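sequence and predicted structure are below.
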Amino acid sequence: MENKRDRIAVGVDLGGTSIKYALVDLDGRIYHESQRVTNSEAQSSDILKNIKDAIVEMKNYAHNLGYPIAAVGLGSPGCVDFKTGFLMGASPNFRHWKNVPIAEKLRSMVNLPVFVDNDANLMALGEARYGAGIGAKNIICITVGTGIGGGIIIDGKLYRGFASAGAELGHMSIVADGLPCNCGGKGCLEQYASASAIIRTFKKYSSHDASKNEDKTLDVKYIFELYKKGDSTAAKAIKECTHYLGIGLANFINIFNPELIIVGGGVAEAGNVFINMLREVAFAYAMDKPKENVKIVPAKLGNKAGFLGAISFAFERMDSGE
Ligand SMILES: [Zn+2]
């Protein structure tokens, strides 16, 4: 009988600026990892070829190690039918990446089983299996970067919704009829608590201070640095945005009663100061019973979560025999 521990797969995380990929075994051990540049204007055939080249690179590496590759797991932006690996409709990051039978196309290009799911779902799965979520079965994973994404794990499994289109945690409306959002909605959490929101809020409060406002390098890391140095404008902006995010988390706690909330993405890299502010708000606003024993923790895997989740998903799909 095949020893599952010896199995190895290629995990691929397709992002708007790069493809990150690695050769990983079922225990999450990384043998080799790399990345390639992507272009948001590329044609879908060029994106597929770029992914194919990445997989072939890993195939050659595995061949030299003497390991056969069992499968390929891939996370793509957009709404993906995880059973067929078909990208349904458009993707937020690529202009021409829409209605692509991703798994079918790649399978014929690399001659390996290929499994595809939404990238945010697979990041959540990666953290759940190999990162901050090890041992937990009911997890909300939220990624706070330029936008806000996330994934939901219930009883150890990804929850995707009826048509694999759910878990859009960043698009919970938190201000009725608030700011318009790229998704077509209004008042979404993403508009009030993402990195972009923190920068916009900081600019709003520093409009009287030209030196701060004209700073082209202005990013969230810099705003947190100012905050740690006691800058009152940075403090005001960060407190306002973490307040919204904390209320968002309180809503997730009341709805899902998770055991763990994992917070990742560029903003979470600000560290404990950010996580502590979130805990304070979330626990103040959540209901008593659902919030009992909930832990809010930073993500552990950084930008490796996507490809690690992808291989976990690939092995799961192989074992399900569907
Ligand atoms: Zn939205």
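Yep, that arrived.

buried ones in the helix or strand hosting Glu190?
For Glu190, the host element (DSSP states H and E) is helix 189-193. By 16 or more other Cβ atoms under 10 Å, the buried positions in helix 189-193 come out as 189-193. In short, each C-beta sits where N, CA and C put it, glycine included.

same list (these) but as JSON lines, adding distance to the ion.
JSON lines is the format used below for these (distance: Cβ to the ion, whole Å):
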{"residue": "Leu189", "distance to the ion": "8"}
{"residue": "Glu190", "distance to the ion": "5"}
{"residue": "Gln191", "distance to the ion": "7"}
{"residue": "Tyr192", "distance to the ion": "10"}
{"residue": "Ala193", "distance to the ion": "12"}
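
could I get the contacting residues of Phe313?
Applying Cβ atoms under 8 Å, 6 or more residues apart in numbering to Phe313 gives the contacts 73, 82, 115, 117, 122, 125, 158.

and the third one, that's in a strand?
What it means is Phe115. Yes - counting by DSSP: H, G, I helix; E, B strand; the rest coil, Phe115 is found in a strand.

next, count neighbours for it.
Other residues within reach of Phe115, judged by other Cβ atoms under 10 Å, total 26.

swap in the first one?
Neighbours of Gly73 under the rule other Cβ under 10 Å: 31.

so it: helix, strand or coil?
Quick answer, by three-state DSSP: Gly73 is strand.

kindly state the beta-bridge partners for it.
Gly11, Phe115 (DSSP bridges).

re the thing from before, can you lay out the contacts of Phe313 as JSON lines showing pLDDT and distance to Ile19?
Shown next, in JSON lines, are these (pLDDT from 0 to 100; distance: Cβ to Cβ, whole Å):
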{"residue": "Gly73", "pLDDT": "98", "distance to Ile19": "13"}
{"residue": "Phe82", "pLDDT": "96", "distance to Ile19": "19"}
{"residue": "Phe115", "pLDDT": "98", "distance to Ile19": "16"}
{"residue": "Asp117", "pLDDT": "97", "distance to Ile19": "16"}
{"residue": "Leu122", "pLDDT": "97", "distance to Ile19": "13"}
{"residue": "Leu125", "pLDDT": "98", "distance to Ile19": "18"}
{"residue": "Leu158", "pLDDT": "96", "distance to Ile19": "22"}
